[in-house]
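1. only geometry, no sequence info:
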């Protein structure tokens, strides 16, 4: 069973391959003038998709075609080149051109997941008996397309993570004149309102002590985006210890979510070569 349908993986790989630097099949610096063939980038890319989707270890997914050490080495090489972040930005730009990002209305919320291995983004989880956990402060557009996230320990409150999360808006280029930020009751404070006013942002913040259905806001897209991300088991139960590796997996997952929504929403309005025969 494929880790993802081909109508997602093929365009994903085509764009990622375009970002890869050209490499010789054999190492030209080898003292004997020969060497084992370099493992195919496509093979390693498919292995990383399996690790992301199923949450398995590198050793469990390794086989005769690619070892665990090769997967880690190639992953770190691609992180140093910034390929995962560039891939995510390409997907966001494509979505914005074809469908359009709803940046006049954004939603921000935190989510806590398990981090059994500890690491740079782990802390004592207040909802898991003090075990190691990770919090992500995620931001989406009005539809739920992930824009970015800030990682921290599970013991961090949502409110102090709001400012660095809003800083991610600067990476999107020109923004609408008026932006409404939808937040839950965890951000209901004078500090949050002052922060939003300083940035000339409008806030729709749920009030503490009032039931959610009575004061429903448009923050459900970010909650749906968290559910989409948690479907990738490497993120729902994170064993990675370095923040740059965790961010790379999040960028890859966000790219998949963006491409999947782009294809689904463009299916009824566009035609292209390789278009799925039936609506995804």
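-> Structure received. Not measured: the values here are computed from a predicted model.
2. So in the chain, which helix runs the longest?
-> Taking DSSP state H as the criterion, the chain has its longest helix at helix 243-266.
3. residues making contact with the helix or strand of the chain with the lowest mean pLDDT?
-> Within the chain, no helix or strand scores below strand 202-205, which has a mean of 90 by mean pLDDT, DSSP states H and E. Defining contact as Cβ atoms under 8 Å, 6 or more residues apart in numbering, one finds that strand 202-205 is touched by 178-185, 187-188, 192-193, 196, 217-219. The way it works is simple: take the backbone N, C-alpha and C, and place the C-beta from them, glycine included.
4. let's see it at 10 Å
-> 104-105, 107, 178-189, 192-193, 195-197, 215, 217-219 (Cβ atoms under 10 Å, 6 or more residues apart in numbering).
5. Quick one, which of these are buried?
-> The neighbour-count test (16 or more other Cβ atoms under 10 Å) marks 105, 107, 179-184, 186-188, 192, 195-196, 219 as buried among those.
6. quick one: low-confidence ranges for the stretch 151-280 of the chain?
-> Where the stretch 151-280 of the chain drops to pLDDT under 70, the residues are 212-217.
7. swap the cut-off to 90 and go again
-> Along the stretch 151-280 of the chain, segments meeting pLDDT under 90 span 170-175, 184-186, 188, 205-220, 266-280.
8. which residues in it form strands?
-> Counting by DSSP state E, counting those that start in this stretch, the stretch 151-280 of the chain has strands at residues 180-183, 202-205.
9. wait, which of the ones you listed is closest to residue 255?
-> strand 180-183 (23.9 Å; Cβ to Cβ).
10. Off-centre distance for that closest one?
-> Centroid displacement of strand 180-183 relative to its chain, using Cα atoms, centre = their mean, to the nearest Å, is 20 Å.
11. again with stretch 241-256
-> The answer for stretch 241-256 is 6 Å, by Cα atoms, centre = their mean.
12. Which parts of it count as buried, going by neighbours?
-> Buried, per 16+ other Cβ under 10 Å, within stretch 241-256: 245, 246, 247, 248, 249, 250, 251, 252, 253, 254, 255, 256.
13. again with stretch 4-17
-> Buried-residue list, stretch 4-17, by 16+ other Cβ under 10 Å: 4, 7, 8, 9, 11, 12, 13, 15, 16.
14. Wait, a helix at the last one?
-> Put plainly, it is residue 16. Yes - Residue 16: assigned to a helix according to DSSP: H, G, I helix; E, B strand; the rest coil.
15. I figured it hits residue 256, correct?
-> No - using Cβ atoms under 10 Å, residue 16 is not in contact with residue 256, being 11.3 Å away.
16. what is in contact with these two at once?
-> By Cβ under 10 Å, 6+ apart, residue 16 and residue 256 have these common neighbours: residue 87.
17. which of the buried residues of stretch 4-17 sit farthest apart?
-> 7 and 16 (15.6 Å).
18. In which helix or strand does the residue nearest to residue 151 when sequence neighbours are not counted reside?
-> When the adjacent residues along the chain are set aside, residue 151 lies closest to residue 121, with 4.2 Å between them (Cβ to Cβ, 6 or more residues apart in numbering). Using DSSP states H and E, residue 121 sits within no helix or strand.
19. All set, thanks.
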